[in-house]
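Enquirer: 3D, please:
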Amino acid sequence: MAKNMNASETFHPLPSQFDLELLSALLEPEDATYPWNPADEESEIYFRELEEQFAQDLTDEELTTHSQAFYGKLDTLWSEISDSTHYNDNTKNVTLANLQKTLHSAFAASVPQSWLNAIAQKASEILNTSRSIGDQLLVECVQTVLPSWETEDLLVLARPYASAMRGNEPQNADTITEINNREWTALSQIEQAKVSLAIAHYAFTQLDNFQSET
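Expert: You can find the predicted model right below:
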């Protein structure tokens, strides 16, 4: 968070007139009269006039200095964008790893690790879209591990979590307790779906806690 604030508050000096003119030349529309074929006679005239214009406005030393400064600024801006992208990607990876670790600690004794990882991955992806968390998003998480289930059927099972996500009592504890000391493969599909919804709700709660701590 601090890094993002620092990046946004970084002072960039105003570009010089030379910088603006050079940038304008680089961004010149494609339909401008530019001699794309160096073999044409007009091309030689164009480049000669261009060299004469630069020779009148700037010395070779000044041109070199200004050009290096201009491209140096471009490199700095690109570096800042790259650093910001790397920071965001790294933050997402750390958040996912922490969520997977949390789910493993809470449910690994009863639920396959692959299911926990898949739910954690989907929950993290959904949260990164900045959408509000609702029962529809719980269903999206569960469908990653139960793809054969219809959305409407899962929404019915997810109704008890709707009030929980609005700030009321969570529904996780009782659902998870019901499967303790039972083999996952021995559970019915409805039981697996209910447990998966409970884990998805727990995952979003943990992600919300992670964001509050940053």
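
Enquirer: C-alpha only now, for contacts and for neighbours.
Expert: Noted.

Enquirer: average pLDDT for the lengthiest helix in the chain?
Expert: The residue-count maximum for a helix in the chain (DSSP state H) belongs to helix 60-107. Across helix 60-107, pLDDT averages out at 76.

Enquirer: and that helix, what does it pack onto?
Expert: Contacts defined by 3 or more C-alpha pairs under 8 Å, 6 or more residues apart in numbering; DSSP states H and E place helix 60-107 against helix 17-26, helix 113-128, helix 189-213.

Enquirer: swap the cut-off to 7 Å and go again
Expert: Judged by 3 or more C-alpha pairs under 7 Å, 6 or more residues apart in numbering; DSSP states H and E, helix 60-107 is in contact with helix 113-128.

Enquirer: buried sites along the following helix or strand past the helix it packs on?
Expert: Downstream of helix 113-128, the next assigned helix or strand under DSSP states H and E is helix 135-143. If you call a residue buried by 16 or more other C-alpha atoms under 10 Å, then helix 135-143 has these buried ones: Asp135, Leu137, Leu138, Val139, Glu140, Cys141, Val142, Gln143.

Enquirer: Which single one of these is nearest to Ala120?
Expert: Ala120 has its nearest neighbour among these in Cys141, at 8.2 Å by C-alpha to C-alpha.

Enquirer: which residues does the closest one contact?
Expert: Cys141 makes contact with Ile119, Lys122, Ala123, Ala200 under the criterion C-alpha atoms under 7 Å, 6 or more residues apart in numbering.
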